[in-house]
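In: what shape does this take:
(3 chains)
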Amino acid sequence: MITKWMLGAGLAALVVSPLALAEPSDGEVQEIMKRDFRPKGQAKMDRLEQDAVQRVCTASNGKPPPALAKQLEADQMKTIAYPSGGSLIGNWKGGASTAWSGQGMQWHEDPKKPSGGGCYNCHEMSPARTSFGTIGPSLKGFGKTRGNGIETQRYVYGKIYNAKAYNLCSEMPRFGLTNSLTEQQIKDLVAYLLDPASPVNQ
Amino acid sequence: MAGPMKMRATLASGYTDVRVLMSHPMETGQRKAPDGKMIPLHFIQNLTVKVNGKTVVEGQISQAVSRNPVFSFRIKGGAKGDKIEVSWLDNRGETNRTESAVA
Amino acid sequence: MRTTVRAVALGVALAAAPAAAQESQFAQYQKMVAEGSPVELFELVGEELWQKKQGPKNASLEQCDLGLGPGRVKGAHARLPRYFKDVDRVMDVETRLLHCMLTLQGRSREDALKRPFGNADNPSEMEYLSAYVAGQSRGYKMSPGMSHPQEKESYALGKKLFTVRTGLWDFSCASCHGEEGKRIRMSELPVLSKPEAARPLMATWPAYRVSNSTFKTMQWRLNNCFRQMRTPEPVFGSETINALNMYLTVTAKGATYSGPGTKR
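Out: Sure thing, here's the model as predicted:
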């Protein structure tokens, strides 16, 4: 368990740059942001409160000290809530639309409407989809290559729920932890990647 | 009331380059407003170009052309000071025109 | 046997071609889109609004000081953002236009910012004015303020903000604009911390945006980034937004300003 003291020591070790004197500190930047933003729609001010992951990844510019990263990844792993009982593979058709939709969680949107995962913003998946981003690795043929056993299901589910558990400063959002995607939506995405019948594996 | 319209006509070697910018929503009639109702068809149907009073182009445009169309074309020959006039008529009977001298 | 080898060789050649052609396809599209740009119409309306008497003082914006003295518009945009002594702060073009609406025209901040961002059916006053002012800097070298202490602070703040992980989805500007050769769906993502990438971009904002069928400004662009980053809304003309604008413009310094651009 990581104590506040340990976190503080870790962060203090990161502020080494001599340029720090000419720049605002991370704390000052946070204060400026809190002053310069307003809540709108479903986007409340709590979204600007940095947790340990955001603080460490900001301070270390995405390259945290390995020991600290390992500790925080373990903390993030503990947040993953797996569904009860058996298979984590849902319906790939639901997964296809969730993966394609880039909507959800923005200040102008109706919070009652289901959110998408925006997966195609960053990843290639189905070979039939020609519009895809390259920020994340290609997931084409994922299930074909990795199989769809329970361990792979748990890995995919966990990664979508909280990608930071596997790579602390990953650019991938924590869809489960933030309640951006529901349990069923994540299971459907697992199916989209792992189901042999899914377009991703054709 | 029609939006702004701007034209530039410049003499090149043996021809005149004309570029007209037209402000118009060019609605296809297939879009839905936020309230769910269909936005009615509203587009430029006819485009007329006159050089020194004589009609040189009579065009029929469809709703497939996007909002704020730009019409760019060349006129054979042409001389400095020639008067170019471009006018349009849309499906609601609204019109606009602009004229420019060849520079 | 020979037929199979030829087919395979052709297949390989074809597979290689798209990767090389991809970069130029973005440039090709941009060129095509620029050829049909209605940007000048926005500049025309903007000029009319600049001259229009408004507000309790029934005054136009023609005496607005954009940094080169009252009423001097030509070349002003290319020198922004910069520090303004009369308000003791750094301002970008839109923040300065707002200032002139309040001081010269006597309008309230609430009234002037009722609709800072418009839409295709009804662009905003700020968008038209930005188009006009920007157009008057066509061909000028970009030289934002870099000597005043507040200008340096603004740059430093912007640089830091660019990498802050924030919002519901832990994004920073660098999450998308931090790695070479990446794209989001089919949109090219320039690495904005690099001058080579920042220059062509900042030299063409504000711009007519084809996907919105209307004119968009930098205050809008940055606001919209934060929306997609799932944060709450940044305040128009705030230190945060102006600092990011300063950081990007300084990174792009020296580029020849092309005037308002046309984008996807």
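In: switch to C-alpha atoms for all contacts and neighbour counts from now on
Out: Will do.
In: all helices of chain A, in order?
Out: Listed in chain order, the helices of chain A (DSSP state H) span A:4-14, A:26-36, A:52-59, A:66-77, A:92-100, A:119-122, A:142-146, A:150-161, A:183-194.
In: please report how far the residue in chain B positioned nearest to chain C lies from chain A.
Out: Nearest residue of chain B to chain C, counting by CA to the nearest CA: residue B:70, 5.4 Å away. Taking CA to the nearest CA, to the nearest Å as the measure, residue B:70 falls 28 Å from chain A.
In: low-confidence regions, chain A specifically.
Out: A:1-22 (pLDDT under 70).
In: and it, which residues reach chain C?
Out: Residues of chain A found near chain C (CA under 8 Å from any CA of the partner chain) are A:22-24, A:29, A:32-33, A:36-40, A:43-45, A:47-50, A:54-55, A:57-58, A:61, A:105-107, A:120-122, A:131-135, A:171-175, A:178.
In: okay, and residue C:192 sits in which element?
Out: Residue C:192 belongs to no helix or strand when assigned by DSSP states H and E.
In: need the contact list for the nearest residue to it once chain neighbours are set aside.
Out: Nearest non-adjacent residue to residue C:192, counting by CA to CA, 6 or more residues apart in numbering or on different chains: residue C:198, 4.9 Å away. By CA atoms under 8 Å, 6 or more residues apart in numbering or on different chains, residue C:198 lies in contact with C:190, C:191, C:192, C:248, C:249, C:251, C:252.
In: which SS class is residue C:198?
Out: Look at residue C:198: counting by DSSP: H, G, I helix; E, B strand; the rest coil, its state is helix.
In: coming back round to it: so which of the contacts of residue C:198 is the most crowded?
Out: Ranked by neighbour count (other CA atoms under 10 Å in any protein chain shown), those have residue C:249 at the top, with 28 neighbours.
In: what's that one in contact with, if anything?
Out: Counting by CA under 8 Å, 6+ apart, residue C:249 has contacts C:81, C:142, C:144, C:198, C:202.
In: and the pLDDT at it?
Out: On the pLDDT scale, residue C:249 is placed at 98.
In: before we move on, which element is it in?
Out: helix C:239-251.
In: and the angle for that helix with helix A:26-36?
Out: 120 degrees (axes from the mean of the first three to the mean of the last three CA atoms, to 10 degrees).
In: give the buried residues for helix C:239-251.
Out: By 16 or more other CA atoms under 10 Å in any protein chain shown, the buried positions in helix C:239-251 come out as C:239-251.
In: now distance to residue B:103 too, for these, in a markdown table please.
Out: Supplementary listing: the buried residues of helix C:239-251 in a markdown table, determined by distance: CA to CA, whole Å:
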| residue | distance to residue B:103 |
| --- | --- |
| C:239 | 46 |
| C:240 | 46 |
| C:241 | 43 |
| C:242 | 41 |
| C:243 | 44 |
| C:244 | 42 |
| C:245 | 39 |
| C:246 | 40 |
| C:247 | 41 |
| C:248 | 39 |
| C:249 | 36 |
| C:250 | 38 |
| C:251 | 39 |
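In: which ones are touching the residue lying closest to residue C:264 once chain neighbours are set aside?
Out: By the measure of CA to CA, 6+ apart, the closest residue to residue C:264 outside its immediate chain neighbours is residue C:210, 4.9 Å from it. Contact analysis of residue C:210 by CA under 8 Å, 6+ apart lists C:33, C:262, C:263, C:264.
In: in which helix or strand would I find residue B:46?
Out: Element membership for residue B:46 (DSSP H and E) is strand B:44-51.
In: what is the burial count for the residue of chain B found nearest chain A?
Out: Chain A sits closest to residue B:34 of chain B, with a gap of 12.9 Å, by CA to the nearest CA. Residues lying near residue B:34 (other CA under 10 Å) number 8.
In: name the SS class of it, please.
Out: Per three-state DSSP, residue B:34 ends up coil.
In: how far away is it from residue A:152?
Out: For residue B:34, the distance to residue A:152 (CA to CA, to the nearest Å) stands at 42 Å.
In: same thing with residue C:68?
Out: 64 Å.
In: likewise for residue A:139?
Out: Taking CA to CA, one finds residue A:139 at 14 Å from residue A:152.
In: then residue A:193?
Out: Separation of residue A:193 from residue A:152 (CA to CA): 10 Å.
In: shouldn't residue B:99 be in contact with residue B:7?
Out: Yes: taking contacts as CA atoms under 8 Å, residue B:99 lies within contact range of residue B:7: 7.1 Å.
In: those two - which one has more neighbours?
Out: The neighbour comparison of residue B:99 against residue B:7 (other CA under 10 Å) goes to residue B:7, with 22 against 19.
In: quick check: residue C:252 vs chain B, distance?
Out: Taking CA to the nearest CA, one finds residue C:252 at 30 Å from chain B.
In: which residue is the nearest non-sequential neighbour of that residue?
Out: Residue C:252's closest residue in space is residue C:199 (CA to CA, 6+ apart), at 4.2 Å.
In: surely that neighbour touches residue C:253?
Out: Yes: between residue C:199 and residue C:253 there is a contact under CA under 8 Å: 7.0 Å.
In: next, the buried residues of stretch C:175-195.
Out: Residues of stretch C:175-195 classed as buried by neighbour count (16+ other CA under 10 Å): C:175-178, C:182-186, C:188-193, C:195.
In: contacts for that stretch, please.
Out: By CA under 8 Å, 6+ apart, stretch C:175-195 touches A:120-122, A:131-135, A:171, C:26, C:163, C:174, C:197-198, C:248, C:251-253.
In: pLDDT at the residue nearest to residue C:213 when sequence neighbours are not counted, what is it?
Out: Of all residues not flanking residue C:213 in the chain, residue C:120 sits nearest, at 5.4 Å (CA to CA, 6+ apart). On the pLDDT scale, residue C:120 is placed at 91.
In: just the one 5 residues further on next, same as before
Out: Model confidence at residue C:125, given as pLDDT, is 97.
In: and residue B:103, by the same measure?
Out: If you check residue B:103, the pLDDT there is 89.
In: pretty sure it is touching residue B:7, no?
Out: No: checked against CA under 8 Å, the pair residue B:103 and residue B:7 is beyond contact range at 11.4 Å.
In: neighbours of the residue of chain C found nearest chain B, how many?
Out: At 5.4 Å from chain B, residue C:36 is the closest residue in chain C, using CA to the nearest CA. Number of residues near residue C:36 (other CA under 10 Å) recorded here: 17.
In: contacting residues around it?
Out: Listed by CA under 8 Å, 6+ apart, the contact partners of residue C:36 are B:69, B:70, B:71.
In: neighbour-wise, give me the winner out of those.
Out: Most neighbours among these, by other CA under 10 Å: residue B:70, with 20 neighbours.
In: now that one. Nearest residue, chain neighbours left out?
Out: In space, and not counting its chain neighbours, residue B:70 is closest to residue B:21: 4.6 Å by CA to CA, 6+ apart.
In: need the three-state assignment for that neighbour.
Out: In the three-state summary, residue B:21 is assigned as strand, counting by three-state DSSP.
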